[in-house]
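**Student:** I need the structure of the sequence given here:
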Amino acid sequence: MTQSTAHALGASRTLWELVERRAELTPDRPVLLQGDRALAFGELRLRSERVAAALYERGVRPGTVVAWQLPTRIETALLTFALARIGAVQTPVIPFYRDRETGFALRESKADFFATPGTWRGFDHTAMAHRLGARGVFEAYENLPEADPAVLPPPPADGTAVRWIYWTSGTTSDPKGVLHTDRSLLAGGSCLAHALHLSSSDVGSMAFPYAHIAGPDYTVMLLLYGFPAVMFEQFALPDALDEYRRHGVTVAGGSTAFYSMFLTEQRKTPERKLIPTLRLLAGGGAPKPPEIYHAVVREMGVQLTHGYGMTEVPMITMGAPDDTAHHLATTEGRPPEGMEIRIVDESGTPVPAGVDGAVRLRGEAVCQGYSDPRQSADAFDADGFLITGDLGHVLPSGHLVLTGRAKDIIIRKGENISAKEIEDLLHQHPAVQDAAVIGLPDAERGERVCAVLELREEQGPLTLDTVTAYLRGQGLSTFKLPEQLEVVDALPRNETLRKVLKYKLRERYAGEGGGLRACL
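**Tutor:** Sure, this is the predicted structure:
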């Protein structure tokens with residue numbers, strides 16, 4: 001499939017229009033692979049339309065709000081495209097969420113229907129739905145209802161209406177309902193596809209929850225370029241490796257934690273390529289230390305391209321396979337055409353290239369706001385740019401460098417310290433598997449720097465003196481050195497892209513002096 005064909009498909013007004021156009025072009029080519037099952041593009045259209053008809057007969061209409069909390073399965077994709085065919089408003093809920101987050105999403109969205117997987121991984125989702133007083137509960141794990149598509153009205157034609165409500169992680173407060181349109185999701189997915197230089201001969205993989213914003217991002221990419229992806233209902237290494245090899249996956253990834261997991265497996269048999277067909281790891285959603293890039297290229301023999309996205313904007317920047325190694329290791333890539341990045345100072349005034357500031361965004365992939373109008377009012381500046389809460393700068397080449405989040409800046413004795421700068425250096429230490437640097441309340445300093453480390457199994461213990469000596473040797477300024485070291489078996493992470501949950505570390509260590517302390 002040529003770039004020009006993909007660009008033409010990208011002009012589709014709605015997700016359903018894209019499904020129809022792809023089905024006409026390559027009806028017999030597979031789009032989704034799972035175990036022994038395969039779904040072709042033509043089947044995706046036909047079966048989604050039959051499921052849509054059954055849902056329509058049950059009362060789902062254009063604009064009806066349908067929540068679904070389903071794992072990464074072929075049936076989940078069929079359901080979501082069936083709802084897109086009707087023009088319903090769908091609100092995906094991560095299947096690992098429980099009563100608090102799920103109940104909030106159901107109440108906030110005012111969902112009329114709720115699709116569950118029944119009992120999944122030992123938890124009864126249907127019972128939870130009834131416990132929460134959900135309306136229109138039905139199970140959609142395996143056997144989806146079907147009916148004659150003749151009952152359906154014409155497909156929706158307006159791609160700018162809000163038809164998606166995604167939920168932020170809600171790690172420190174209630175989640176936010178992020179409002180998206182078909183066009184914003186199409187824009188995000190098409191930008192990702194073009195940045196990665198993919199083709200119809202590729203085979204992708206979905207190792208993340210389909211209910212994450214990455215779900216439509218990735219599926220749009222498949223529809224544009226006409227290649228399949230392997231779906232993993234439960235992802236774990238090394239168990240998943242057989243499926244990667246069996247289907248000849250060429251593109252894998254997810255986020256930084258996924259890169260690290262692949263590296264760990266590769267190091268068990270360094271003399272043999274982990275996945276023979278793999279040529280590219282790609283992902284985003286969490287900071288990428290430069291050493292991770294270099295280790296993947298050096299040890300796995302594949303390229304690594306990393307990007308920047310969020311629930312509010314699924315694709316902001318992406319590294320391209322033909323970028324320089326320096327840019328791929330140290331930046332988040334460049335924005336696609338139509339994505340405006342503005343870096344501003346504390347007064348909101350734009351700053352020149354190379355100067356650090358707050359990152360703001362404007363473009364078609366940006367969400368329409370939040371389900372709570374008060375949150376929407378605070379999310380955009382006077383020029384319509386989304387306020388991300390991230391800090392960084394743009395290079396003269398157009399590449400974006402993220403230096404942290406506003407809340408991830410540690411203020412020690414009036415000096416600003418970037419947690420990410422210290423984390424990037426710690427990742428280069430041979431004993432460190434992963435690192436998180438946090439600021440903890442300190443009566444004398446305001447905040448003290450605490451490094452929380454996850455160590456490699458084959459390496460010995462680390463002390464605070466060893467760590468600070470190493471960082472001094474790397475040229476880190478004395479006032480930035482950690483004053484507290486904590487070693488954990490595993491850093492706390494979320495269940496989507498495996499991001500480190502720093503708020504849990506702050507909660508755990510804020511009231512503790514820590515076993516290893518230094519006075520600087």
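
**Student:** so which residues of the stretch 351-500 of the chain form helices?
**Tutor:** 373-379, 419-426, 464-473 (DSSP state H, counting those that start in this stretch).

**Student:** would you single out the least confident of these?
**Tutor:** If the helices of the stretch 351-500 of the chain are sorted by mean pLDDT, helix 419-426 sits at the bottom with a mean of 88.

**Student:** check which residues of that helix are buried.
**Tutor:** Within helix 419-426, the residues that qualify as buried are 419-420, 422-426, counting by 16 or more other CB atoms under 10 Å. In short, each C-beta sits where N, CA and C put it, glycine included.

**Student:** nearest to residue 138, out of the helices of the stretch 351-500 of the chain?
**Tutor:** helix 373-379 (30.4 Å; CB to CB).

**Student:** just checking the distance from that closest one to the centre of its chain.
**Tutor:** 23 Å (CA atoms, centre = their mean, to the nearest Å).

**Student:** how about the CA coordinates for that helix, as CSV?
**Tutor:** Below are the C-alpha coordinates for helix 373-379, written out as CSV (Å, rounded to 0.1, in the frame of the first residue of the first chain):
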residue,chain,number,x,y,z
PRO,A,373,-17.1,22.2,31.5
ARG,A,374,-15.1,23.7,34.4
GLN,A,375,-12.2,21.5,33.6
SER,A,376,-12.4,22.5,30.0
ALA,A,377,-12.3,26.2,30.8
ASP,A,378,-9.0,25.7,32.7
ALA,A,379,-7.5,23.4,30.0
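
**Student:** any low-confidence regions in the chain?
**Tutor:** Per-residue confidence for the chain (pLDDT under 70) gives these ranges: 1-8, 10, 169-173, 414, 496-497, 512-520.

**Student:** and the residue nearest the centre of it, how far from residue 419?
**Tutor:** Nearest to the mean C-alpha position of the chain, counting by CA atoms, centre = their mean, stands residue 285 at 4.4 Å. Distance, residue 285 to residue 419, by CB to CB, to the nearest Å: 17 Å.

**Student:** coming back round to it: was I right to think the residue nearest to the centre of the chain contacts residue 209?
**Tutor:** No. Checked against CB atoms under 8 Å, the pair residue 285 and residue 209 is beyond contact range at 11.8 Å.

**Student:** OK, contacts around residue 295?
**Tutor:** residue 263 (CB atoms under 8 Å, 6 or more residues apart in numbering).

**Student:** nope, residue 405 is what I meant
**Tutor:** Going by CB under 8 Å, 6+ apart, the list of residues near residue 405 reads 389-391.

**Student:** that older thread, adding distance to residue 36, write the helices of the stretch 351-500 of the chain out as JSON lines.
**Tutor:** As requested, the helices of the stretch 351-500 of the chain are exported to JSON lines (distance: least, CB to CB, whole Å):
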{"stretch": "helix 373-379", "distance to residue 36": "45"}
{"stretch": "helix 419-426", "distance to residue 36": "42"}
{"stretch": "helix 464-473", "distance to residue 36": "49"}
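
**Student:** what number of residues lie near residue 282?
**Tutor:** 23 (other CB atoms under 10 Å).

**Student:** helix or strand next in line after whichever strand or helix holds it, which one?
**Tutor:** Using DSSP states H and E, residue 282 sits in strand 280-283. Per DSSP H and E, strand 280-283 leads on to helix 290-295 as the next helix or strand towards the C-terminus.

**Student:** what residues sit buried inside stretch 333-342?
**Tutor:** Those would be 333-336, 339, 341-342, for stretch 333-342 by 16+ other CB under 10 Å.

**Student:** mind checking the end-to-end distance for that stretch?
**Tutor:** 15 Å (CA to CA, to the nearest Å).

**Student:** what does stretch 27-39 give?
**Tutor:** Termini of stretch 27-39 sit 10 Å apart (CA to CA).

**Student:** the helix ranked longest in the chain: which residues count as buried?
**Tutor:** Across the chain, the longest stretch assigned as helix under DSSP state H is helix 41-57. Buried residues in helix 41-57, defined by neighbour count with 16+ other CB under 10 Å: 41-45, 47-56.

**Student:** same thing with stretch 163-170?
**Tutor:** 163-169.

**Student:** hmm, who's touching it?
**Tutor:** Outside stretch 163-170, the residues that reach it (CB under 8 Å, 6+ apart) are 65, 84, 87-94, 101, 104-105, 109, 156, 175-182, 185, 213, 216, 311-312, 371, 494, 496, 499.

**Student:** follow-up on the earlier one: can you flag which of the buried residues of stretch 333-342 belong to strands?
**Tutor:** 341-342 (DSSP state E).

**Student:** that older thread, farthest-apart pair in the buried residues of stretch 163-170, please.
**Tutor:** Pairwise across the buried residues of stretch 163-170, and taking CB to CB, the largest span is found between 163 and 169, at 21.9 Å.

**Student:** thanks a lot, see you next time.
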